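Asker: pasting the sequence and the predicted coordinates here, then a few questions.
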Amino acid sequence: TQDVNADSLIKNCAAALVEAKRVVVFTGAGMSADSGVATFRGQGKGIWNGIVGTLALMYFGTPIGWHWTPSFAWRQYLQKFYKPIAEAEPNYGHHALAR
């Protein structure tokens, strides 16, 4: 009966999505990892990993760095966050959500 309930729930959700005028999907940072966008704490390539990442988080992940050195903080933000996202191509997960 659990499979029947799950199937029914999926069908009801699909029907609601079809009828919806707008849909919002909240995903984790890993959604774009397959597109080459680094996660915050992911293994190996996480932006906040290691001692350098921890120091960067303390400085740029709080208002301190933005207040003390706003131009430097903006340059780091654009280089580390905006640029990879702007240059990324959608992956299969993005295309699946768009359908």
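Answerer: Thanks, I have the structure now. Here the structure is a predicted model, which means the values were calculated and not measured.
Asker: only C-alpha atoms for contact and neighbour calcs from this point on.
Answerer: Will do.
Asker: which residues are in contact with the residue positioned nearest the centre of the chain?
Answerer: Central residue of the chain (CA atoms, centre = their mean): Ala29, 2.9 Å from the mean position. For Ala29, the contact set (CA atoms under 8 Å, 6 or more residues apart in numbering) comprises Thr39, Phe40.
Asker: cool, and the one 3 residues further on?
Answerer: Shown in contact with Ser32 (CA under 8 Å, 6+ apart): Ala38, Pro90, Asn91, His94.
Asker: repeat that for 6 Å
Answerer: By CA atoms under 6 Å, 6 or more residues apart in numbering, no residues touch Ser32.
Asker: give me the low-pLDDT residue ranges for the chain?
Answerer: Residue ranges of the chain with pLDDT under 70: 1-4, 44.
Asker: which neighbouring elements make contact with the lengthiest helix in the chain?
Answerer: Determined from DSSP state H, the single longest helix within the chain is helix 2-19. Other elements packing on helix 2-19 under the criterion 3 or more CA pairs under 6 Å, 6 or more residues apart in numbering; DSSP states H and E are absent; no helix or strand qualifies.
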